[in-house]
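Colleague: Sequence and predicted structure, then a few things I'm wondering about:
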Amino acid sequence: MAHSSMLRRSCQASDIAIDMRVVADPTRTCSVGSYRELIEFTDALLQGDANALDEARERLRFVVGDAGVVRAAAIVGNFQMMNRALDTLGATLGEAMPSQIRALAEELGVDAPDHWR
């Protein structure tokens, strides 16, 4: 969820329109170039399926090149590092979930993790 919030802020800063539901709903579209390949690559990377990752990496490489694949992998790795560090520390969002996180969870149609409530 944190990576979705950071993606939203990045798009806002770059004046790129984005419907964040695209990360959870494959029927949605997005104005971000290569968004589908990026989502598929990220999902494959996090699932740890070597065959799926090889296929997703090649599809992403076709549209963004080697440098784009390296950058995407670095970003996914950084977000995972942050998520794991926060989970290891038992970080919570305090007594009440911030309204922005609650709105994002509702927009994506997902429940926030128990430790975020």
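Modeller: On my side now, so go ahead. Numbering: from 1, shown residues only.
Colleague: which regions of this protein sit below the pLDDT cut-off?
Modeller: 1-8, 92-97, 113-117 (pLDDT under 70).
Colleague: Next secondary structure after the longest helix along the chain?
Modeller: Within the chain, and with DSSP state H defining each element, the longest helix by residue count is helix 50-89. With elements assigned by DSSP states H and E, the helix or strand that comes after helix 50-89 is helix 99-108.
Colleague: Mind giving me the packing neighbours of that next one?
Modeller: When contacts are defined as 3 or more CB pairs under 8 Å, 6 or more residues apart in numbering; DSSP states H and E, helix 99-108 packs onto helix 2-13. (Glycine included, C-beta is placed from N, CA and C.)
Colleague: Please identify the buried residues of the helix or strand that the helix it packs on is followed by?
Modeller: As assigned by DSSP H and E, the chain's next helix or strand after helix 2-13 is helix 35-47. Buried residues in helix 35-47, defined by neighbour count with 16 or more other CB atoms under 10 Å: 35, 36, 37, 38, 39, 40, 41, 42, 44, 45.
Colleague: Please report how far the nearest residue to the fifth one once chain neighbours are set aside lies from residue 105.
Modeller: In other words, residue 39. In this structure, residue 39 finds its nearest non-sequential neighbour in residue 23, 6.3 Å apart by CB to CB, 6 or more residues apart in numbering. Counting by CB to CB, to the nearest Å, the separation of residue 23 from residue 105 is 12 Å.
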